[in-house]
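> Pasting the sequence and the predicted coordinates here, then a few questions.
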Amino acid sequence: MVNNLTIIGFFLIYFSTNQLIAQTSIAAARTQALGSTVTVRGVVTNGPELGIIRYLQDATAGIGLYDNANTAALQRGDSVEVTGILYEFSGLLEISPITSINLISSGNALPTPQTTAISSLGEALEGELVKVNNVSFVNAGATFSGNQSYGFTSGVQQATIYVRNGSPLIGQLIPFGAVNLTGICSQFNSVYQVLARDTADFELQPGINIVSTIGVSNITQTSVDLTWLTNIEGTTEVAYGLTPALELGLLSAPTPVINHTFTLNNLQAGQVYYFQAFSFGNGTLATGPVMVFGTESNSSGNITAYFNHPVDTTDALQFAANFLNEAIDDTLIAYLDRATESIDFTMYDFIGDSISNVAEALNAAHNRGVRVRMITDGSYEAENEGLVDLIPAIQRITSPTGEAYTIMHNKFVVIDADAADPLKPIVWTGSTNLSGRQVNRDPNNVIIIQDQTLARTYKLEFEEMWGSSGDLPDTYVSKFGSFKTDNTPHHFRIGGKQVECYFSPSDNTNQKLIEFINSADDSLHFAAMLITRFDLYNAINARIDSGVVVKGIINSDTSTLVYDDLSLAMGSNLIINPIASEIMHHKFAISDVGSSSDAAVWTGSHNWSTNANTRNDENTVVIHDDALAEIYYRAYLAMFTEPAVEDTSDTTSASINRFEQTQHQLNSTLLQSGSDLRIIPAYSGALQCVLMDASGRMLAVSNVNAFAGSPFAPFQQTMASGYYRIILSDTRRVEVHPFVVQR
């Protein structure tokens, strides 16, 4: 316990103990008070696949061991005797730190997992190997990514497994159908979860099983190839349709195979189709989920990118980039004015100051008979002053607010998605919000794609949030944030180019970003407002180690939790936004520009963060195209070589004030009051507080409704000796407070 110690930036806590403790059972140790010194003996049930932590189990119970210096070499089957301090990490009982450890033997059989129901996952089983039979995964058919939870069900009961960064499960198939799940029962805060160690912890049911993702390839206007693998030979069957009812029937290739390819022919151009894969073998049936694909359209496939800041104009490059000087708003209005049937409009910020009146363009569209539907962010409803100019006849909903939701961060517009003329549908997306600052000052981009299949895909995403396909929303069935499902196509052929599209948080977008980074063979350039995930740093660093030239721009060192590591790895190839008065708001990356490899651009609304991946409503497009890669590279070059400029901007405007507060820090103070950590916030509003240790492990999370100048205690957390960081964030700002604990 710590008393009367003030902290600003760093603090020290001193503690010492020296006592001899007799060995006891793990069950008996678990009953002792936190801070007690215990000695236990058992068998280690996991290795490095779960990170630093090891779990120890004897005949009575299990417990976590967390002390990298003493546990890093431990493997499954090691029998050890451990002495250390009882410590609670977000509800999970651990021995940490460890004062002594003795390896008795290796290669021992692991304890037999206890077969249990989901409802029995709890304190009595915490730290032990468990087995839950006949579970089905919610995201079956996708692949695992790091630092994410995945739901599974058994009957009406539901629980989660957690996959950490660096897990061997990353990139592996989330199993189809019913499986028997083995893992370690763990806890994070009040949630009990199962920690699967590798794919061997998923026991398939007897008979035929689909054991790969179901691929969509060779997309044309009239056909598509669907592919999958099974563990044994079976038939190749596909049911499909223009609706989830799969009304166009079931087609079958009866020859038994393991590698399955089915070509669907006689399809309509520019359509989104639903399908379900089946294989029958050895008297059993393997069934995939209902999925979607889109055919190539008869649209032009024109793709245009605009930037609101100067771009490189040297003759050394072939393709010119488009600098719209204070004209992105007028360009959007021009597209809205062309709409003849429908406008589906999403926008995070709709302030309307110092820009042309987009609301009037929407009103005019409605008045000439265009169906206008709008979704805006609920958490900034009061600040979105531009909405007051909308006529009441325009239907609009806001995203839900509350603990289960964060922000609706999209900025996409879909125009005439279902027009009979395939040259009319438009998708407008990118990073640009509608405010004077975002349109005229903060570096941003928009990308405009003329393609009917992509427009219909964005319309599907819109209607999932809207709750209906009609003029009126249905808020009873609408889905936002983590409640959304992966229900849209991801692969397209547009104007002869390969295009990908992902929506967050349903589509594992950060894992797709890691795959994009990993695909760079020669060069990777990025402009990212936020990078808060160490798995993204690890992917970037791996490219550097492999000889890829990596250069990047971030908004500020305080908005990038991994800045120290990135800066060390990249050196002068990483710069901070040189214009202090602006928020570098881009979220784009360019791979292999000007090389013989596959040049591609990643862009959209998705910040490189955990919230964007797991909670926010976001969208991302990936375009494989040499010309577009060069165009985005021109925008990147102009920013990378921009000389530093001090902030001398006028902050008298209400909108400028609003954004100035969000540019760099939250300006809070970390201090100690009595026995608790205290934070004094500079601004009022919802804050997320994350406690992390030196390895990047998240120790605790709290969500606080903060009031400016009023201290609050973010955590009730006992910490072992070591280096820690408290990360504070709201929807726009991130701030890091490092400190040290010594005992």
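Okay, I see it.

> buried stuff in stretch 292-305?
Neighbour counts using 16 or more other Cβ atoms under 10 Å place 292-299, 301, 303, 305 of stretch 292-305 among the buried residues. All C-beta atoms are positioned from the backbone trio N, CA, C, and that covers glycine.

> which residues of the stretch 401-550 of the chain fall in strands?
Using DSSP state E, counting those that start in this stretch, the strands of the stretch 401-550 of the chain run over residues 413-415, 426-430, 445-449, 491-494, 497-504, 523-528, 549-554.

> Mean pLDDT and distance to Q158 added to those strands, as TSV?
TSV is the format used below for the strands of the stretch 401-550 of the chain (pLDDT from 0 to 100; distance: least, Cβ to Cβ, whole Å):
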stretch	mean pLDDT	distance to Q158
strand 413-415	98	33
strand 426-430	98	33
strand 445-449	98	38
strand 491-494	98	30
strand 497-504	97	22
strand 523-528	97	34
strand 549-554	95	38
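
> Would you mind telling me which of these is nearest L121?
Closest to L121 of the strands of the stretch 401-550 of the chain is strand 497-504 (Cβ to Cβ; 28.2 Å).

> And the contacts of the closest one?
301, 303, 449, 451, 454, 457-458, 461, 484, 488-493, 508-509, 512, 606, 612-614, 616-625 (Cβ atoms under 8 Å, 6 or more residues apart in numbering).

> For F278, which non-adjacent residue is spatially closest?
Nearest in space to F278, with sequence neighbours left out and distances taken as Cβ to Cβ, 6 or more residues apart in numbering, is E237 at 4.1 Å.

> just checking, what packs against the strand or helix carrying the one you found?
Using DSSP states H and E, E237 sits in strand 224-241. In terms of contacts (3 or more Cβ pairs under 8 Å, 6 or more residues apart in numbering; DSSP states H and E), strand 224-241 is packed against strand 215-217, strand 249-264, strand 272-281.

> Now the first one: average pLDDT?
Rounded to a whole number, the mean pLDDT of strand 215-217 is 96.

> Strand partners (parallel or antiparallel) of it?
Looking at strand 215-217 with DSSP bridges, its partner strands are strand 224-241 (antiparallel).

> Which residue ranges of the stretch 101-250 of the chain form strands?
Remark: strands assigned in the stretch 101-250 of the chain by DSSP E, counting those that start in this stretch are 114-115, 129-137, 148-154, 157-163, 179-188, 191-195, 202-204, 215-217, 224-241, 249-264.

> Show me what counts as buried in the third one.
Right, strand 148-154. Result for strand 148-154 [16+ other Cβ under 10 Å]: buried residues 148, 150, 152, 154.

> how about that strand as CSV, C-alpha atoms only?
C-alpha atoms of strand 148-154 as CSV (Å, rounded to 0.1, in the frame of the first residue of the first chain):
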residue,chain,number,x,y,z
GLN,A,148,-9.3,-9.4,-30.0
SER,A,149,-12.1,-11.5,-28.4
TYR,A,150,-14.2,-14.0,-30.4
GLY,A,151,-17.6,-15.2,-29.3
PHE,A,152,-18.7,-18.8,-29.2
THR,A,153,-22.0,-20.4,-28.3
SER,A,154,-23.3,-23.7,-26.9
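
> Please list all residues in contact with D330.
Taking Cβ under 8 Å, 6+ apart, we find D330 in contact with S356.

> Centre of the chain to the helix or strand where it lies, how far?
Assigned by DSSP H and E, D330 belongs to helix 328-338. Distance of helix 328-338 from the chain centroid (Cα atoms, centre = their mean, to the nearest Å) equals 31 Å.

> Could I get the average pLDDT for it?
Mean predicted lDDT for helix 328-338 stands at 97.

> Surely S702 is in contact with I727?
No: the criterion here is Cβ atoms under 8 Å, and S702 misses it with I727 at 11.4 Å.

> Excluding sequence neighbours, find me the nearest residue to the most centrally placed residue in the chain.
For the chain, N613 is the residue whose C-alpha lies nearest the centre (Cα atoms, centre = their mean; 1.5 Å). Once flanking residues are discounted, N613 sits nearest to N510: 4.1 Å by Cβ to Cβ, 6+ apart.

> neighbours around the one you found, how many?
Other residues near N510 number 27, with proximity taken as other Cβ atoms under 10 Å.

> Over to V550?
By other Cβ under 10 Å, the residues close to V550 number 21.

> bridging residues for it?
On the basis of DSSP bridges, V550 is bridged to L524.

> Quickly note the distance from it to S145.
Applying Cβ to Cβ, to the nearest Å, the value for V550 to S145 is 21 Å.

> The helix holding D330 relative to strand 426-430, how many degrees between them?
160 degrees (axes from the mean of the first three to the mean of the last three Cα atoms, to 10 degrees).

> Tell me which helix or strand comes right after helix 328-338.
Following helix 328-338 in sequence, per DSSP H and E, is strand 342-347.

> Against which helices or strands is that next one packed?
Here strand 342-347 touches helix 358-367, strand 371-376, strand 413-415, helix 452-466, going by 3+ Cβ pairs under 8 Å, 6+ apart.

> Adjacent strands (with direction) for the shortest one?
Its sheet considered, strand 413-415 pairs with strand 342-347 (antiparallel), strand 426-430 (antiparallel) by DSSP bridges.

> got a markdown table for these, with mean neighbour count and distance to Q75 too?
Formatted as a markdown table, those follow (neighbours: other Cβ atoms under 10 Å; distance: least, Cβ to Cβ, whole Å):
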| stretch | mean neighbour count | distance to Q75 |
| --- | --- | --- |
| strand 342-347 | 24 | 50 |
| strand 426-430 | 25 | 48 |
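
> wait, which of the ones you listed is closest to V388?
The closest of the strands paired with strand 413-415 to V388 is strand 342-347. By Cβ to Cβ, the value is 14.3 Å.

> If you count neighbours, what's buried in the one helix or strand D564 maps to?
Here D564 sits within helix 563-570, counting by DSSP H and E. Using 16+ other Cβ under 10 Å as the test for burial, helix 563-570 gives 563, 565-567, 569-570.

> Can I get the strands paired with strand 413-415 in a markdown table including distance to G84?
Shown next, in a markdown table, are the strands paired with strand 413-415 (distance: least, Cβ to Cβ, whole Å):
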| stretch | distance to G84 |
| --- | --- |
| strand 342-347 | 52 |
| strand 426-430 | 52 |
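
> among the ones you listed, which is nearest S581?
Closest among the strands paired with strand 413-415, once you apply Cβ to Cβ, is strand 426-430, at 21.6 Å.

> List the contacts of D625.
303, 497, 599-601.

> hmm, back to that, got CSV for the helices and strands packed on strand 342-347, with mean neighbour count too?
Formatted as CSV, the helices and strands packed on strand 342-347 follow (neighbours: other Cβ atoms under 10 Å):
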stretch, mean neighbour count
helix 358-367, 19
strand 371-376, 22
strand 413-415, 26
helix 452-466, 24
